[in-house]
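> pasting the structure only:
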């Protein structure tokens, strides 16, 4: 009985020592945006110095600029120097970018809401960003 109690206390102690991630932990590093009902494919994302490189499953890279309002809110715009900017990316930039708000962080996963809005459209894009490194 004593061994069970000691073991249970040790497990609780180790699990409570695990560091919880914050919004700031998602500013730099390697991440995954997993495929979901809105995105047919996953993207690997590398963030550093206010920019992110998105790599799709075909190996195409897109450079995205990040303007932080604070640790948990930021605006994404496609960098005009990206080779493969399509009509949608140009439309998003013309609309002021994607306004991202962090909704919650659980474990290594950040859940966000992204909004594209202009005079004639408001489109919300929920999603997840999983920290790899």
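Cool, the structure landed. In this text, all values refer to a predicted model and were calculated from it rather than measured experimentally.
> Isn't residue 130 up against residue 32?
Yes. Using CB atoms under 8 Å, residue 130 makes contact with residue 32 at a distance of 4.5 Å. In this view, the C-beta of every residue, glycine as well, is placed from N, C-alpha and C.
> Provide a complete list of residue ranges assigned to helices in this protein.
Listed in chain order, the helices found in the chain under DSSP state H are 2-16, 87-94.
> avg pLDDT for the shortest one?
Averaging pLDDT along helix 87-94 yields 93.
> Could you list the residues in contact with it?
With CB atoms under 8 Å, 6 or more residues apart in numbering as the test, helix 87-94 has contacts from 62, 77, 78, 80, 82, 98, 116, 118.
> Now which of those would you call buried?
62, 77, 78, 82, 98, 116 (16 or more other CB atoms under 10 Å).
> got the contacts of helix 87-94 as a markdown table, with distance to residue 110 and pLDDT columns?
What follows is these, written out as a markdown table (distance: CB to CB, whole Å; pLDDT from 0 to 100):
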| residue | distance to residue 110 | pLDDT |
| --- | --- | --- |
| 62 | 20 | 91 |
| 77 | 20 | 97 |
| 78 | 21 | 96 |
| 80 | 27 | 89 |
| 82 | 23 | 82 |
| 98 | 15 | 97 |
| 116 | 19 | 95 |
| 118 | 26 | 90 |
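> Which positions in stretch 40-55 come out as buried?
43, 44, 45, 46, 47, 52, 53, 54.
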